[in-house]
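**Q** My questions concern the predicted model and sequence given below.
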Amino acid sequence: MMKKVQEGKVIGYQKVHGQDVPIYQPEVHTEVKHKVTGKEYASKEEAQLDVADPNTDTKDEHIEENVMIKVIELPEMGGDVNI
């Protein structure tokens, strides 16, 4: 299951063609899991402990981290046309 690790929010503004355009920090979700067994880990550190555990067959190549980035809102992208 994906875990939210960063909230999406406006972090500032930048002037573009005389208008203030918001700069967004995206919402970020991650999941760390074992490719073979499907086991989900709470963190990368927990996965590394599983790799280091001599009682398991888990290797570095068995661990995958998936990242999903969500942009909650996009600024209006209207443009000027000069012909």
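**A** In hand now; what should we look at? This structure is a prediction, so every number in the text was calculated from the model and none was measured. Numbers count the residues shown, from 1 in each chain.
**Q** Please count neighbours and contacts with C-alpha atoms only from this point.
**A** Noted.
**Q** so where's this structure uncertain?
**A** 74-83 (pLDDT under 70).
**Q** partner residues bridging the most centrally placed residue in the chain?
**A** Centroid-nearest residue in the chain: residue 28, 3.5 Å away (criterion: CA atoms, centre = their mean). Beta bridges link residue 28 to residue 6, residue 69, judged by DSSP bridges.
**Q** which residues sit in contact with it?
**A** 4, 5, 6, 7, 8, 67, 68, 69, 70 (CA atoms under 8 Å, 6 or more residues apart in numbering).
**Q** List only buried entries from those.
**A** Using 16 or more other CA atoms under 10 Å as the burial test, the contacts of residue 28 include residue 8 as buried.
**Q** Just give me the neighbour total for residue 54.
**A** For residue 54, the neighbour count with other CA atoms under 10 Å is 9.
**Q** wait, doesn't residue 62 sit right on residue 36?
**A** Yes - between residue 62 and residue 36 there is a contact under CA atoms under 8 Å: 6.5 Å.
**Q** between the two, who's got more neighbours?
**A** Legend: neighbour count by other CA under 10 Å for residue 62 and residue 36, higher for residue 62 (15 against 10).
**Q** Now do the more buried one against residue 50, distance only.
**A** Distance of residue 62 to residue 50, given as CA to CA, to the nearest Å: 10 Å.
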